[in-house]
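Participant: Model the structure of this input:
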Amino acid sequence: MIKKILFTTFILLSTQTLAKNLPLYSCDSCNSAKSVSLAKELAPPLQCHSNTKPGEITEIGDEVCYATNKILFIANPLTKQAYKYQVDSDTNGYNKVITVHPLTISADEQELIDAFYKIDAQYRKAANTMVDVGVNASLSISTLSNQASATSDNHFFNLSNETASSDSCRSHPTNYFTPRGEHKVEERLNAEIANKIGNADWTESWQDTTISGLGLTIGRGTFGIDVKFTKNTTGVFATMLYGSRHNLLNFEVTYHGDYYLDGVRNLNLSFKLLRGSSSIDGIRLKTLFPESGGSLDLSHTGVTNCLLDYIESIAVKIEYNNPSSGQPGGTPGGGGGASGGFCTRTVHTRAGNRNQVFIFASPCQ
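Facilitator: Okay, the predicted model is just below:
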């Protein structure tokens, strides 16, 4: 084995000072000590390459490694504490060594960080919202309990002036899964968030988008910071409430885009549906539509005609099970056949590679 060769270089100024933007990691749980730990976690990798000559077999230790460094900001938007570090990655011959050097934040840099605090505070306050679109779905088998409306709560907003008939499913959470339903829901949430922000000088730039994870760029002239939100621990959520907590869709809301103090301001919202805390007819989405597919027996569960209609709209096969005709079936609540009670129908659906079967109570045929 060729002996491992290591070279160490000491760089006083980061090459990133020549770059247009510096990274800022938003960390809403960071204090001074935690920011240092996070800076070490974000240390750049060593620059290594093989030292093997042509024709020789490359082994693990046959590499040359050079030290690297980066300059970054870590800012807590809740406490408005920011830190600037130069993080050096080096080697002592066998192990990687990381050193964090505190740097002074300039007045120009602080101006951009303050702009980030302003945007984030208004966004957090406005995006934690709930929109109540009312109840328009009727129950086909039995009623759901605790149907009290929450519109009197100051955190709920009714943006619709429509008075849909009881058999309309436009104001039922299943409408979200229709071709244009997702966009309409996110558009309404976006409008409510922008409305709550009010007269901020960048309100006009808010847009809804399905693109997420792009971060936020804040700048002036040729200098800027790229804000990254991957280290936040406190999420921001919005909810579409359909009359009661039996029917609601919860979303995690994030924002991204460009905000230049002397130029373009284009901020966008992204919405991620949270299946574990969203419900349709009192059934969690992760139970109703599990990622792995499977079978779900709802023959003893009260569900709305909207849920029934939606599932049948994506069916590949529907089977009616009448005990009186000798077919397999059930009689929820007693009885069966033409004498009373209910039979069942089995609805087979397919979404991508996921096959799912639903069993519903059904009037006997």
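Participant: need the helices for the stretch 151-300 of the chain, in chain order.
Facilitator: For the stretch 151-300 of the chain, the helices defined by DSSP state H, counting those that start in this stretch cover 181-197, 285-288.
Participant: biggest strand in this protein, by residue count?
Facilitator: Longest strand in the chain by number of residues (criterion: DSSP state E): strand 248-260.
Participant: which helices and strands sit right next to that strand?
Facilitator: helix 107-127, helix 181-197, strand 216-220, strand 237-241, strand 265-273 (3 or more CB pairs under 8 Å, 6 or more residues apart in numbering; DSSP states H and E). (Each C-beta comes from the backbone N, C-alpha and C, glycine too.)
Participant: Quick one: distance of it to the chain centre.
Facilitator: 8 Å (CA atoms, centre = their mean, to the nearest Å).
Participant: Helix 181-197 and that one, what's the angle between them?
Facilitator: Orientation note: strand 248-260 sits at an angle of 60 degrees relative to helix 181-197 (axes from the mean of the first three to the mean of the last three CA atoms, to 10 degrees).
Participant: Next, the angle from strand 248-260 to helix 107-127.
Facilitator: Relative orientation of strand 248-260 and helix 107-127, computed by the same axes, to 10 degrees: 160 degrees.
Participant: got the angle for strand 248-260 vs strand 237-241?
Facilitator: Relative orientation of strand 248-260 versus strand 237-241 (the same axes, to 10 degrees): 140 degrees.
Participant: Low-confidence stretches in the stretch 101-250 of the chain?
Facilitator: Counting by pLDDT under 70, the ranges of the stretch 101-250 of the chain that qualify are 134-167, 198-214.
Participant: re earlier: quick one: which of the helices of the stretch 151-300 of the chain is nearest residue 111?
Facilitator: Residue 111 lies closest to helix 181-197 among the helices of the stretch 151-300 of the chain, at 21.0 Å (CB to CB).
Participant: ok and the closest one relative to strand 265-273, angle-wise?
Facilitator: Using the same axes, to 10 degrees: helix 181-197 against strand 265-273 is 130 degrees.
Participant: which helices and strands does helix 181-197 pack with?
Facilitator: If contacts are counted by 3+ CB pairs under 8 Å, 6+ apart, helix 181-197 sits against helix 107-127, strand 129-132, strand 207-209, strand 237-241, strand 248-260, strand 265-273.
Participant: Mind doing that once more with 6 Å?
Facilitator: helix 107-127, strand 207-209 (3 or more CB pairs under 6 Å, 6 or more residues apart in numbering; DSSP states H and E).
Participant: Quick check: end-to-end length of stretch 42-55?
Facilitator: The straight-line separation of the ends of stretch 42-55 (CA to CA, to the nearest Å) is 37 Å.
Participant: how about stretch 43-61: buried residues?
Facilitator: By neighbour count with 16 or more other CB atoms under 10 Å, stretch 43-61 contains the buried residues 43-44, 46, 51.
Participant: Tell me, how many residues neighbour residue 124?
Facilitator: By the measure other CB atoms under 10 Å, the count of residues near residue 124 is 17.
Participant: Likewise for the one 4 residues further on?
Facilitator: Counted with other CB under 10 Å, the neighbours of residue 128 add up to 16.
Participant: From residue 184, how far out is residue 98?
Facilitator: 49 Å (CB to CB, to the nearest Å).
Participant: Oh, that last question was meant for residue 217, not what I typed.
Facilitator: Separation of residue 217 from residue 184 (CB to CB) stands at 29 Å.
Participant: now residue 40
Facilitator: Going from residue 40 to residue 184 by CB to CB gives 45 Å.
Participant: Ok, residue 39 next?
Facilitator: Distance, residue 39 to residue 184, by CB to CB: 43 Å.
Participant: So those two - more neighbours on which side?
Facilitator: Set residue 39 next to residue 184 and count neighbours by other CB under 10 Å: residue 39 wins out with 25 against 13.
Participant: for the more buried one, phi and psi?
Facilitator: When read as degrees, to the nearest 10, the backbone of residue 39 gives phi -60, psi -40.
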